[in-house]
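Colleague: Here is a sequence with its predicted model. Questions after.
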Amino acid sequence: MNHRNVDHAENISDVTNTIFLGIGSNLDDPIHQIEQAIGALSVFVHSIKRAHLYRSKPLGPQDQPDFVNTVIQGETGLAPSDLLNRTQQIETSQGRMKTMHWGPRTIDIDILYFANLRVTTPTLTIPHQEIFNRSFVVIPLLDLLPNEMTPTGDRIVRNRYDASTLVRIDT
């Protein structure tokens, strides 16, 4: 698999790239928060495909509501740094306040993959470095990757992940 290493912001707006975003919420009607975020994302992410929604226990402090998570796949002409800025603007507009690590949040949008790029900057790492450590990301990601191959050429071994910790939500 060919991929490029990017250690700086790169203007690639003349190219449409396939991206995967992880979206989660555990405050203020999480399903609505996710729907609202996807609606806002659709302004600059096109041809969106959505994984199922999954409910899971929080990764961090357990004295908070369960999370609802999903992954979307889409196309964008934005550069990785511009995509990050736009997703952070959506988080802010939906009332996200970072009060504690792994704490409760109205919305969290993570860039999981951006085409087959590998990006390392002080503010952005792609692929997201925690993808393979989180069933609540991998299981919905696999909804969109039936061949179990990531955009960067890694194979996801489905049975390595405990899907029993997740509850699929049909909406």
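Modeller: Yep, that arrived.
Colleague: Strands of this protein, start to end?
Modeller: Assigned by DSSP state E, the strands in the chain fall at 5-6, 17-25, 46-50, 53-56, 67-76, 108-114, 118-120, 125-126, 166-169.
Colleague: residues of the top helix by length along the chain that come out buried?
Modeller: Counting residues, the longest helix in the chain under DSSP state H turns out to be helix 80-93. Neighbour-count burial for helix 80-93 flags 80-84, 86-87, 90-91 (criterion: 16 or more other CB atoms under 10 Å). Yep, even glycine has a C-beta here, placed from its N, CA and C like the rest.
Colleague: picking that back up, and the strands of the chain: which comes nearest residue 95?
Modeller: strand 17-25 (10.5 Å; CB to CB).
Colleague: Now the closest one: average pLDDT?
Modeller: Average pLDDT, strand 17-25: 97.
Colleague: That strand pairs with which strands, and in what direction?
Modeller: Strand 17-25 has these partner strands in its sheet, going by DSSP bridges: strand 67-76 (antiparallel), strand 108-114 (antiparallel).
Colleague: quick check: angle from the first one to strand 46-50?
Modeller: Comparing the axes of strand 67-76 and strand 46-50 via axes from the mean of the first three to the mean of the last three CA atoms, to 10 degrees yields an angle of 150 degrees.
Colleague: How much space separates the spatially most central residue of the chain from residue 94?
Modeller: Closest to where the C-alpha atoms of the chain average out (CA atoms, centre = their mean) is residue 22, at 1.5 Å. As judged by CB to CB, to the nearest Å, residue 22 and residue 94 stand 15 Å apart.
Colleague: shaky segments in the chain?
Modeller: Low-confidence segments of the chain (pLDDT under 70): 1-14, 100-101, 171.
Colleague: bridging residues for the residue lying closest to residue 16 once chain neighbours are set aside?
Modeller: Excluding its sequence neighbours, the residue lying closest to residue 16 (CB to CB, 6 or more residues apart in numbering) is residue 75, at 4.8 Å. Beta bridges link residue 75 to residue 18, residue 46 when assigned by DSSP bridges.
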